[in-house]
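Q: how would this look folded up:
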Amino acid sequence: MGAELLDTLLVTIKMVGGIFVIFGVFLGVSAAVFFLWNLFSGNKKDDKGYTSLKTVTFGDESAVTANRLASIAGVVTVFLIWSIATGSSLLPFSLPKPFTGISQFQYTAMNAAGQTDTGSVAVNVFVFGSENSSAPEAPAKTGSGFTQNDTVAVPERRRKIVRVTNNDEGGSEEGYKVTEVNGQPIAPGQSVPFDGGQVAMLASGSLQVRPSGGMTMEALYLPPPEQVWTRFLDLNANGYQGVGLWENVMWSLIRVVIGFALGCLFGIPLGFAMGLNSWLRGWFDPIVEFMRPVPPLALIPLVIIWFGIGEQGKISLLFLAALWIMTIGARAGVSGVNISKVHAAYSLGATKPQILSKVILPNSLPEIFTAARVAMGVCWGTVVAAELVAAEKGAGKMIIAASKFQLTDIVLIGIIIIGVIGYGIDVLMRMAENKLVPWKGRG
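A: Residues are numbered from 1 along each chain as shown. Okay, here's the model as predicted:
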C-alpha cells in the first residue's frame with residue numbers, strides 16, 4: 001500500500017510538473033503579447049460606449065469586455081504550442097525529432113575460455129506503419145571468431161533487446177558476457193551512445209537498443225495539426241464506421257438541446273418555487289443538494305435499468321445533468337433580487353403576479369443565463385458518456401469508438417467540433433443575455 005501510494009505520488013508530481021511547464025509557456029507568451037500590445041498601442045482607449053464613461057472600472061464586471069485581439073492571440077498561441085510540440089511541418093523550424101533510419105554499433109564479448117571477439121549489430125529504426133519495418137542485413141563478418149554479426153529492427157521511440165547470446169558461438173555458456181560497446185566498457189545498468197541512440201545493458205547482461213526519442217510528442221498521443229486536418233477531410237468525405245461526420249454531430253446536438261431544454265423547463269420553475277416559498281424550499285432543498293454533487297456518469301447504470309438503451313435513456317441523463325444546475329441558478333436569482341425594488345413595486349400598487357413578472361423575473365435573468373451557460377457545458381461534457389449507452393450515432397460515440405483503436409486524430413476532431421459548437425452556443429447565449437438583460441452591471 002505504501003509503495004503504491006509513493007509511486008502514485010511520484011507519477012502525479014511528474015504530471016503536474018509537465019502541466020506547469022506547458023502552462024508556464026502559455027502564460028509567458030501571453031505576457032509577452034500583452035506587453036507588446038500595450039507598448040505599441042500606447043494603451044489607448046477608444047471605447048465610446050457606456051463603460052467609457054465610468055471612472056472606476058477595476059472590480060466592475062460590466063466594465064470588462066473581451067479584447068478580440070487577445071482572443072485571437074490566445075488561440076494562435078495554443079496552435080503554435082501544439083505545432084511545436086508535435087514537430088509540425090507547417091512551421092519553418094522544429095524541435096529535434098526522433099531518430100529514424102539505419103545505424104550500427106559494435107560490441108566486444110568474452111567467452112567462457114576468456115577469449116574476446118568483436119561483432120557488429122545493424123539497427124533499423126522505422127516509423128510506425130511504414131513498409132520499411134524489416135531488419136537490415138547483418139554486416140559482413142571480417143575474420144574468424146566466436147561472435148556473429150546481428151541485426152535488429154526497432155520502431156521509433158521504442159526499445160528492443162538484442163540477444164547476441166543467441167547468435168554467438170558459446171553465447172549460452174556460463175561465463176560468456178559482453179564487456180564493451182563501441183570501444184567503451186559497459187556493465188549492467190550502464191549505457192553507451194551510438195549514432196542514433198544508446199545501447200544499454202540490462203541486469204541480465206542483454207543489450208537493449210534505445211533510439212533517440214527527440215523532443216517532439218508521438219503522434220499516438222498528440223498528432224500534428226496537418227495530420228488532424230487530413231483526417232478531418234477524410235471523415236468529411238467518408239464518415240467513420242458507416243456514419244457521416246456531420247450526422248454524428250447532429251445527433252449529439254439534438255440530444256444536448258432536448259436534454260438542456262427539459263432541464264430548463266423543469267429546473268427554472270422549481271428554482272423559482274424554492275426561492276419564493278419557504279415550505280417548498282424546505283421540501284426540495286435536501287433532494288436538490290443531494291443530487292447536485294452526484295456526477296451524471298454515476299447515474300448511467302440506473303438510467304439503463306430504468307429507461308433502457310434507447311434515446312430515452314440518453315436524453316434522461318442529459319436532462320438530469322442540466323436540471324439541478326438550472327434549479328440552483330433560478331433559486332439564486334430569486335434570492336438575489338434587491339428587496340428595495342420589491343418594496344418600491346408594492347408601494348406603487350403592484351400585485352404578486354406583477355411583482356413576479358416585472359421585478360423578480362427580470363432581475364433573476366442574469367443568474368439564470370449564467371446557470372444556462374454552465375448547464376450547456378455540462379450537457380456537452382455528459383453527451384460523450386450518454387452515448388456510451390449503446391449509441392449508434394453521435395460525436396461521443398465516434399470519440400469512444402476511435403479511442404479503442406488509438407485513433408487520436410479522430411478523437412481530437414470530435415473534441416474540437418464539440419468545443420466549437422459549445423463555444424458558438426455560448427456566444428449566442430451571451431448575445432441573448434445582452435439583449436434581454438441590458439441593465440446587467442448598471443445598478
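Q: would you list every one of the helices in the chain?
A: When assigned using DSSP state H, the helices of the chain occupy the ranges 2-41, 68-86, 164-167, 225-238, 245-276, 278-291, 300-307, 311-335, 339-347, 352-355, 361-386, 395-404, 408-436.
Q: Return the most buried member of these.
A: Here the criterion is mean neighbour count by mean count of other C-beta atoms under 10 Å, and of the helices of the chain the winner is helix 311-335, at a mean of 23. (Each C-beta comes from the backbone N, C-alpha and C, glycine too.)
Q: so how far is that one from its chain's centroid?
A: Average the C-alpha atoms of helix 311-335, do the same for its chain, and the two points are 25 Å apart (C-alpha atoms, centre = their mean, to the nearest Å).
Q: wait, which of the helices of the chain is closest to Ser103?
A: Ranking the helices of the chain by distance to Ser103, with C-beta to C-beta as the measure, places helix 164-167 first at 16.4 Å.
Q: Is there a neighbour count for the residue nearest to Gly119 when sequence neighbours are not counted? I'd like the number.
A: Of all residues beyond its chain neighbours, the one nearest Gly119 is Thr147 (3.3 Å), with distances taken as C-beta to C-beta, 6 or more residues apart in numbering. Burial of Thr147, expressed as a neighbour count using other C-beta atoms under 10 Å, amounts to 24.
Q: Equivalent analysis for Pro295, please.
A: Look at Pro295: counted by other C-beta under 10 Å, it has 12 neighbours.
Q: ok, it to Val437 distance?
A: If you measure Pro295 against Val437 using C-beta to C-beta, to the nearest Å, the figure is 31 Å.
Q: the bottom helix or strand of the chain by mean pLDDT?
A: Among the helices and strands of the chain, helix 2-41 carries the lowest confidence by mean pLDDT, DSSP states H and E, at a mean of 75.
Q: Which other helices and strands does that helix contact?
A: Other elements packing on helix 2-41 under the criterion 3 or more C-beta pairs under 8 Å, 6 or more residues apart in numbering; DSSP states H and E are helix 68-86.
Q: Pull the CA coordinates from the helix it packs on and hand them back as CSV.
A: Coordinates of the C-alpha atoms in helix 68-86 are reproduced here as CSV (Å, rounded to 0.1, in the frame of the first residue of the first chain):
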residue,chain,number,x,y,z
ARG,A,68,-10.8,40.3,-29.5
LEU,A,69,-7.1,40.7,-30.4
ALA,A,70,-6.3,38.9,-27.1
SER,A,71,-8.7,36.1,-28.0
ILE,A,72,-7.1,35.7,-31.4
ALA,A,73,-3.6,35.8,-29.9
GLY,A,74,-4.6,33.2,-27.3
VAL,A,75,-5.9,30.8,-30.0
VAL,A,76,-2.9,31.3,-32.2
THR,A,77,-0.6,30.7,-29.2
VAL,A,78,-2.3,27.4,-28.4
PHE,A,79,-1.9,26.4,-32.1
LEU,A,80,1.7,27.3,-32.1
ILE,A,81,2.4,25.3,-28.9
TRP,A,82,0.6,22.3,-30.5
SER,A,83,2.6,22.6,-33.7
ILE,A,84,5.9,23.0,-32.0
ALA,A,85,5.3,20.1,-29.6
THR,A,86,4.3,17.8,-32.4
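Q: tell me the angle it makes with helix 225-238.
A: Counting by axes from the mean of the first three to the mean of the last three C-alpha atoms, to 10 degrees, helix 68-86 points 100 degrees away from the direction of helix 225-238.
Q: Now do helix 68-86: everything it contacts.
A: Around helix 68-86, the neighbours that count as contacts under C-beta atoms under 8 Å, 6 or more residues apart in numbering are 22, 25-26, 29-30, 33-34, 37, 88, 90-91, 94-95, 216-217, 219, 222-225.
Q: swap in stretch 28-42?
A: Outside stretch 28-42, the residues that reach it (C-beta under 8 Å, 6+ apart) are 69-70, 73-74, 77, 80-81.
Q: could the residues you listed go into TSV alongside distance to Tyr346 and pLDDT?
A: Shown next, in TSV, are those (distance: C-beta to C-beta, whole Å; pLDDT from 0 to 100):
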residue	distance to Tyr346	pLDDT
Leu69	48	80
Ala70	46	81
Ala73	51	82
Gly74	48	84
Thr77	54	86
Leu80	59	89
Ile81	57	87
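Q: Can you tell me which of those lies closest to Met398?
A: Ile81 (25.7 Å).
Q: how close does that closest one sit to Asn111?
A: Using C-beta to C-beta, one obtains 53 Å as the distance from Ile81 to Asn111.
Q: Val16 too?
A: Here the criterion is C-beta to C-beta. By it, Val16 lies 50 Å from Asn111.
Q: Tell me who's in contact with the residue nearest to Val334 when sequence neighbours are not counted.
A: On the basis of C-beta to C-beta, 6+ apart, the spatially nearest residue to Val334 that is not a chain neighbour turns out to be Gly275, at 2.8 Å. If you count contacts by C-beta under 8 Å, 6+ apart, Gly275 has them with 281, 330-335.
Q: Same check on Tyr346?
A: Ile355.
Q: quick revisit: ok, the residue nearest to Gly119 touching Asp168?
A: Yes: judged on C-beta atoms under 8 Å, Thr147 makes contact with Asp168 at a distance of 5.0 Å.
Q: Could you check how far Val243 is from Trp229?
A: The separation that Val243 has from Trp229, given C-beta to C-beta, amounts to 21 Å.
Q: next one: Tyr221
A: 18 Å.
Q: Can you read off the pLDDT for Glu131?
A: Here, the pLDDT recorded for Glu131 equals 63.
Q: brain fart, Phe58
A: At Phe58 the predicted local confidence, pLDDT, stands at 55.
Q: cool, the one 3 residues further on as well?
A: According to the prediction, Glu61 has pLDDT 57.
Q: Then Val337?
A: The confidence metric pLDDT takes the value 81 at Val337.
Q: Let me know whether it touches Ile360 as I believe.
A: Yes: in terms of C-beta under 8 Å, Val337 counts as a neighbour of Ile360; the distance is 5.5 Å.
Q: So, low pLDDT: which residues of the chain?
A: Counting by pLDDT under 70, the ranges of the chain that qualify are 1-3, 11, 14, 18, 42-64, 129, 131-135, 138-144, 389-390, 440-443.
Q: which residues touch the residue in the chain sticking out farthest from the centre?
A: Using C-alpha atoms, centre = their mean, the residue of the chain lying farthest from its centre is Ala113. It sits 58.1 Å away. Residues in contact with Ala113, defined by C-beta under 8 Å, 6+ apart, are Gly170.
Q: Next, give phi and psi for it.
A: The phi and psi torsions at Ala113 (degrees, to the nearest 10) take the values phi -80, psi 0.
Q: So it versus Ser120, what's the distance?
A: 22 Å.
Q: One more: Pro353?
A: Counting by C-beta to C-beta - Pro353 and Ser120 are separated by 93 Å.
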